[in-house]
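One predicted model, sequence on top.
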There are 2 protein chains.
Amino acid sequence: MAGMTSRSAAKLIRPLVRVLHAYVPGEQPKIKGLVKLNTNENPHPPSPHVLAAVRAAVDGRLRLYPNPTAQALREKLAKLHRCQPENILVGNGSDELLALATRCFVEPISLEGRATRVPKKNQPGTRVARPSEAVQYFTPSYSLYPVLADSHGAAKNAVPLKPDFSLPSVAELRRGGQWDFRAALTFVTTPNAPSGRGHSTAELGALCHAQKGVTILDEAYVDFAAEHALPLAFKHPHVLVSRTFSKAYSLCFQRVGYFVGHPALIVALDKIRDSYNVNGLGQIAALATLDDLPYYRRNFQRIIATRAWLGRELAALGFEVLPSQTNFILARPPKFPAATWLEKLRVRKILVRWFKQAEVRDYLRITIGTEAEAAALVWAARKILSAR
Amino acid sequence: MAGMTSRSAAKLIRPLVRVLHAYVPGEQPKIKGLVKLNTNENPHPPSPHVLAAVRAAVDGRLRLYPNPTAQALREKLAKLHRCQPENILVGNGSDELLALATRCFVEPISLEGRATRVPKKNQPGTRVARPSEAVQYFTPSYSLYPVLADSHGAAKNAVPLKPDFSLPSVAELRRGGQWDFRAALTFVTTPNAPSGRGHSTAELGALCHAQKGVTILDEAYVDFAAEHALPLAFKHPHVLVSRTFSKAYSLCFQRVGYFVGHPALIVALDKIRDSYNVNGLGQIAALATLDDLPYYRRNFQRIIATRAWLGRELAALGFEVLPSQTNFILARPPKFPAATWLEKLRVRKILVRWFKQAEVRDYLRITIGTEAEAAALVWAARKILSAR
């Protein structure tokens, strides 16, 4: 292969891509016997009905293109959520939809444009986009949002949650002066990740009511929570709710997520997606999942029960465990720094997640596994604490 | 749901999305007994080995995320093409990769920027992007390219192929004055679609040598051609070859395509893709496909033989059949306009494709089906011609 210096390659690649720090997904190692509690997968398999439906579809039809709009799935989801198929857009996982939304609703800041921005009053000298151009989100929340903004060349507005990871009220946001009620796109992870904290539909409703731009309620973990905010997507034309089959419905491998919202937003997003964005077996798996919801609801109850047990056990060992409405918990470990715990657990073949961001660097994020996996974690934690 | 006027929705959506005409995929109707020759799918099923491998993978692992970089598949493809995994990027079909390339290599024209462009000498008064910002392609070719440019807000430079759909030489392109040798991104469909015409590696090599920006040789149909241009991706650091498992390898349903090229370009593209862009069963299907290439090669020979037979039969009925190196033929039908033929064939449950663009509106694009499907088409054409 002909050589290419990094300098000549650089000329071919857009400056914003050259400087981009890509999103870093949790590890997916293939180590035998590993207790994998790092990427919030459901520890239980898909229902036998789903596995049978997918297996039955593996035949000559793989040669054909899948339905380009996932129409049958949209219809079934519409029935479930008591809306129309026109309110639903299916994606290659919800990550694809979050990226599409960024490109659909937010004008990038051009290189020429950057120089001409009027600075905000309270941040003299900084280059700030017009309100309509910002991608806005709370910190900490899903670490993909800033990557999506950077990939698109959009301005970012990251605003801290309260110290206990709860949502600031609209009044608090107004007083704080940093929140942009006119941001083109606002992402709210609800329940929050990585903290696990739930947000009430009442608080979310007040926030949505105050926002002028598109607001995405990213409900990736909502099936493990006390409340969901879907009514807000039907009440407010600028609100989209994001859901996924990955975590709650044990289909990470298959890549199926969806948006619920106003048809005008759905049509716009639909225009810029890849024609055949959702693979056919993924569509079939998701359809079969919706035929067997009681299986999954039992499964959610089991995970919620394990979450309660794990929280109590870790608290008894000296962990500070935050309240969780998700299939993971955020916990501040005793005795050693969290990063040291990550390594000590890994040595014992238990993989959890640690984030280096300031707000959460003292914590471990631990996926709720099976009862046996949770017990293995508690056992390992006890060993680590008693080792000398 | 609260009402939203088209005016208030419009404020939420980027102007370029509002005016965008989305790509229109070929129909995927579910009509029983339909002879479907409209979207270039392979008429033969995946190999039994592939079906068995996918079926065997449908178990509890669906709950887990797939390998985020499709690493095993990259390694196997690298072995096949005698390069390194670092030369390979796997996508959710090659469409995803073509879209990623547009966003990775082409600077969009900002709204502010549009007004400040210096017009090209030979097009006074028109707003033309700097050469480095153009998405360039020949017409006719894959009709997705202009949609990708428009979705991204990039300038387009569409340059006609020669009247017989062959590639203009570099000298001819220079004389023509319209071709931009400094375009940030150039797409070449090779063999061409929708004409089916093949381009020699020698001609493609001369073009690649002359281009300064990233050049994508889109080889979606190359397995049905006499030559492929993969060596050019290893010779020129700015050349990417695009391949897909969809058509030749009977895996449209599964969404797997890939780029081959210089690691510096691959790394840049990798940064902006979704973390888990390729579904797990798709990865497994593609891996198993590479274990059974002789099955597919026999299948290509069969399609090529049917292509020759179909071409002769249609020519005998008065069709002007263009030479094809793909799994479809472009043919100008006798007696009725092509759009009328589309309808007359549809009445007989045979679906082919017709494009309204000026260069090809007199033609039908007909996928090479099985021997029986090709015979059904010839039989129907004969009936249509003899009807009074």
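Perfect, thanks for sending it.

right, and the helix or strand after the helix or strand of chain A at the bottom of the mean pLDDT ranking?
Using mean pLDDT, DSSP states H and E, helix A:111-114 stands out as the lowest-scoring helix or strand of chain A, at a mean of 44. Downstream of helix A:111-114, the first helix or strand assigned by DSSP states H and E is strand A:134-139.

so how far is that next one off the chain centroid?
14 Å (CA atoms, centre = their mean, to the nearest Å).

ok, now stretch A:85-101?
Worked out by CA atoms, centre = their mean, stretch A:85-101 lies 13 Å from the chain centre.

and that stretch, how far apart are its ends?
19 Å (CA to CA, to the nearest Å).

Now do that stretch, average pLDDT.
The average pLDDT within stretch A:85-101 is 98.

Check whether A:Cys157 really touches A:Val135, as I assumed.
Cys isn't right for residue A:157; it's Asn. Yes - contact criterion CB atoms under 8 Å: A:Asn157 and A:Val135 qualify, at 7.2 Å. For every residue, glycine as well, the C-beta is placed using N, CA and C.

Could you name every residue contacting both of the two?
Both A:Asn157 and A:Val135 are in contact with A:Ala183, where contact means CB atoms under 8 Å, 6 or more residues apart in numbering or on different chains.

more crowded one of these two?
A:Val135 (26 against 20; other CB atoms under 10 Å in any protein chain shown).

now the stretch 51-200 of chain A, which segments are flagged as low pLDDT?
Counting by pLDDT under 70, the stretch 51-200 of chain A has low-confidence residues at A:110-132.

Do you have the strands of chain A handy? List them.
Counting by DSSP state E, chain A has these strands, from start to end: A:35-36, A:88-91, A:134-139, A:155-160, A:185-189, A:214-218, A:239-244, A:257-260, A:320-321, A:328-332, A:350-351, A:364-367.

nearest to B:Ala56, of those?
strand A:35-36 (21.5 Å; CB to CB).

Strand partners (parallel or antiparallel) of the closest one?
strand A:350-351 (parallel) (DSSP bridges).

what residues does the partner strand touch?
For strand A:350-351, with CB under 8 Å, 6+ apart as the criterion, the contacting residues are A:Glu27, A:Pro29, A:Leu34, A:Val35, A:Lys36, A:Leu37, A:Asn38, A:Leu345, A:Ala376, A:Leu377, A:Ala380.

which residues sit in contact with the third one?
A:Leu34 makes contact with A:Lys349, A:Ile350, A:Leu351, according to CB under 8 Å, 6+ apart.

same deal with the first one?
Applying CB under 8 Å, 6+ apart, one finds that A:Glu27 lies in contact with A:Asn38, A:Thr39, A:Leu351.

Pull out the buried members of the residues you listed.
A:Asn38, A:Thr39, A:Leu351 (16 or more other CB atoms under 10 Å in any protein chain shown).

For B:Leu293, state which of these is nearest.
A:Thr39 (34.0 Å).

my guess is the closest one contacts B:Pro66, does it?
No - using CB under 8 Å, A:Thr39 is not in contact with B:Pro66; the gap is 11.5 Å.

joint contacts of these two?
Common neighbours of A:Thr39 and B:Pro66 (CB under 8 Å, 6+ apart) are A:Gln28, A:Cys252.
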